[in-house]
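Trainee: need coordinates for the below:
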Amino acid sequence: MLTLYIKRGCPWCDLAEEWLQQHSKEYKLIDVLTSREAYDTMRTISGQTFAPVLVTSEGRILSDFGPEELPGFFGK
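Mentor: Residues are numbered from 1 along each chain as shown. Model prediction:
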């Protein structure tokens with residue numbers, strides 16, 4: 001399963017979520033603005049404060065990305 005860290009109101013986050021839905025990707029959504037712990041986890045995982053951050057169950061990480069990067073990340 002994928003984990004998508006977002007900040008509500010972030011247009012890149014909205015686009016990432018839309019892309020995942022359109023491509024039938026299952027994901028857990030975590031809004032880092034509602035939890036300091038989630039924000040700190042995102043920072044630790046990605047090394048930065050920018051969202052979105054996508055993490056695969058295998059531990060692959062895509063940080064601060066636009067939807068145009070997702071096909072390459074998934075090998076499509």
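Trainee: where do the helices of the protein begin and end?
Mentor: In the chain, the helices defined using DSSP state H lie at 11-22, 36-46, 70-73.
Trainee: I'd like these as TSV, with mean pLDDT appended.
Mentor: Converted to TSV, those look like this (pLDDT from 0 to 100):
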stretch	mean pLDDT
helix 11-22	97
helix 36-46	97
helix 70-73	96
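Trainee: dump the ones you listed to TSV, plus mean neighbour count.
Mentor: For glycine as for every other residue, the C-beta is placed from the backbone atoms N, C-alpha and C. Below are those laid out as TSV (neighbours: other C-beta atoms under 10 Å):
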stretch	mean neighbour count
helix 11-22	15
helix 36-46	15
helix 70-73	13
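Trainee: between those helices, which one is nearest to G59?
Mentor: helix 36-46 (9.1 Å; C-beta to C-beta).
Trainee: which neighbouring elements make contact with the closest one?
Mentor: Counting contacts by 3 or more C-beta pairs under 8 Å, 6 or more residues apart in numbering; DSSP states H and E, helix 36-46 is packed against strand 2-6, strand 27-31, strand 53-55, strand 61-63.
Trainee: how does it look with 6 Å?
Mentor: Helix 36-46 sits against no helix or strand, with contacts defined as 3 or more C-beta pairs under 6 Å, 6 or more residues apart in numbering; DSSP states H and E.
Trainee: and that helix, how far out from the chain middle?
Mentor: Centre-to-centre, helix 36-46 and its host chain are 12 Å apart (C-alpha atoms, centre = their mean, to the nearest Å).
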